[in-house]
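>>> with the sequence up front, the predicted model follows.
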Amino acid sequence: MEKRTIYADNAATTAVSEEVLAAMLPYFRENFGNASSIYKLGRDAQKAVETAREKVAKAIGAEPREIYFTSCGSESDNWAIKGTAELMSAKGRKHIITSVFEHHAVLHTTEYLEKHGFEVTYVPVSDKGLIDPEDVRKAIRDDTALVTIMYANNEIGTIQPVDEIAAICHEKGVLFHTDAVQAVGHVDIDVHRQGIDMLSLSGHKIHAQKGIGALYVRKGIILPNLIHGGGQERGKRAGTENVPAIVGLGTAIEAATCNIAEKNAVITPRRNRLIDGILKLPYTRLNGDRDKRLPGNLNISIEGIEGESLLLMLDMNGICASSGSACTSGSLDPSHVLLSIGLKHEVAHGSMRLSIEDDITDEDIDYILEVIPRVVDHLRKMSPVWEKIVKGEKYE
Ligand code: PLP
């Protein structure tokens, strides 16, 4: 089979689409005005920002005035969590609930707050990568300020019972934030119907550029500013608006959410073919619930190999994938997500995530299913532990 390039890492980032680029271009040179300026160039920019705000709001079932543009998903998470912490601590509420397998944009923020006098409860996840809403209920206290639980996990793609968790939070009078960076564009979201108080999203996961995001804040919740300065974003988030990026996000989210069911009908069977094909290899397992997962996500552990070596060899064969491991300051730490669902360190190390979209063809799937067994076989033959695994002996 001839060599090709297959991008199967859309959960990491996506390419800016032609449609998004075309929508953005006029705002770099022709309509470059500052959205706060009074003359036509400025007014046009302001209008474009408000049109994009309407599109973002419509895509998630919110009102335009509930949408604040930010620089990324991480900023949205930081603002929602630190902002609520500040707001509620004034009322004596200094307890936050989150889960053990959130993105670091959430976990490092709650860790920061722990150093500043807040208490945080980290609810566990099951071996299928799902949070039990009853664990959230049990963790809620009189002084709980916020529950923040991700909509869909970025590594194993599992979709959380957000509606049930939101209902529990409301019953108990606690605010609920969800990091929906991986979910937007892949599952139908309606924040009002679902009872979500705050939601973070990011442009670069849905074919907008990197460096643009948004935070939905239900009307009536007055978060303190994260960035102080000018009066942009109704005085809540200072900084001259990044008009091209905002316009791009509006176009991208409209495109990503207009035909979710049709896209998923194409992606899911292809994703399932990949899962079934890879699981034919011995000593492999699918990480995360098979059904309650993002349509394009598969995360598989392959015993007897190192995830990083597999990725390098996939790259040599033109396949862009990602591993469950994060390389931090020279030491290879296994993913906290994979450990949270009960994987042993050595198994977590041999994991791989593919995140596909509807542009992937049946031929691409054939090619991936031809390359992976060949590469795995090669790596296992060189592995010092493979023989022990097959013999059922202990290894580390
Ligand atoms: N939250 C989740 C679940 C993510 O997957 C990511 C990015 O990978 C982020 C937050 C951070 O988004 P951004 O890269 O826009 O800061």
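Now that the structure is in, tell me what you want to look at.
>>> what residues does this structure have near the ligand?
Counting by CB under 6 Å from any ligand atom, the chain comes close to the ligand at 72-74, 77, 103, 105, 150, 154, 179, 181-182, 202, 204, 213. Quick note: C-beta positions are derived from backbone N, CA and C, even for glycine.
>>> and whatever residue of the chain ends up closest to the ligand, how far from Leu199?
Of all residues in the chain, Gly73 sits closest to the ligand, with a separation of 2.7 Å (CB to the nearest ligand atom). Per CB to CB, to the nearest Å, Gly73 is found 11 Å from Leu199.
>>> tell me which of those two has more neighbours.
Leu199 (30 against 27; other CB atoms under 10 Å).
>>> doesn't that one belong to a helix?
No - going by DSSP: H, G, I helix; E, B strand; the rest coil, the assignment for Leu199 is strand, not a helix.
>>> bridged to the closest residue to it other than its chain neighbours, which residues?
If you skip the residues right next to it in sequence, Leu199 has Tyr216 as its closest partner in space, 4.3 Å away by CB to CB, 6 or more residues apart in numbering. Residues in a beta bridge with Tyr216, per DSSP bridges, are Ile67, Leu199.
>>> Tyr216 - how many residues pack around it?
Using other CB under 10 Å as the criterion, Tyr216 is surrounded by 27 other residues.
>>> residue contacts, it?
Ala57, Ile60, Ala62, Glu66, Ile67, Tyr68, Val191, Ile196, Met198, Leu199, Leu201 (CB atoms under 8 Å, 6 or more residues apart in numbering).
>>> 7 Å instead?
Applying CB atoms under 7 Å, 6 or more residues apart in numbering, we find Tyr216 in contact with Ile60, Ala62, Glu66, Ile67, Val191, Met198, Leu199.
>>> Ser383 too?
Per CB under 7 Å, 6+ apart, neighbours of Ser383: Gly304, Ile305.
>>> try 10 Å this time
Going by CB atoms under 10 Å, 6 or more residues apart in numbering, Ser383 touches Glu303, Gly304, Ile305, Glu306, Ser309, Gly350, Val376, Ile389, Tyr395.
>>> any regions of this structure where pLDDT drops low?
Low-confidence segments of the chain (pLDDT under 70): 1-3, 324-332, 396.
>>> so Ile140 touches Arg93, yeah?
No - between Ile140 and Arg93 there is no contact under CB atoms under 10 Å: 11.0 Å.
>>> need the overlap of contacts for the two.
Common neighbours of Ile140 and Arg93 (CB under 10 Å, 6+ apart) are Val174.
>>> ok, back up a step: among the contacts of Tyr216, who's most crowded?
Leu199 (30 neighbours).
>>> thought it was touching Phe176?
Yes - assessed by CB under 10 Å, Leu199 is found in contact with Phe176 at 9.4 Å.
>>> joint contacts of those two?
Val162, Arg218.
>>> quick one, helices of the stretch 101-250 of the chain?
104-114, 133-139, 162-172, 191-194, 243-257 (DSSP state H, counting those that start in this stretch).
>>> what about those, which gets the closest to Ala208?
For the helices of the stretch 101-250 of the chain, distance to Ala208 was read as CB to CB. The smallest value, 3.8 Å, belongs to helix 243-257.
>>> can I get the closest one in CSV, CA atoms only?
The C-alpha trace of helix 243-257 is given here as CSV (Å, rounded to 0.1, in the frame of the first residue of the first chain):
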residue,chain,number,x,y,z
VAL,A,243,-12.1,40.3,15.6
PRO,A,244,-10.9,37.9,12.9
ALA,A,245,-10.6,35.1,15.5
ILE,A,246,-14.1,35.8,16.9
VAL,A,247,-15.6,35.9,13.4
GLY,A,248,-13.8,32.6,12.7
LEU,A,249,-15.2,31.0,15.9
GLY,A,250,-18.7,32.1,14.9
THR,A,251,-18.4,30.5,11.5
ALA,A,252,-16.8,27.4,12.9
ILE,A,253,-19.3,26.7,15.6
GLU,A,254,-22.2,27.2,13.2
ALA,A,255,-20.7,24.7,10.8
ALA,A,256,-19.8,22.2,13.5
THR,A,257,-23.2,22.1,15.1
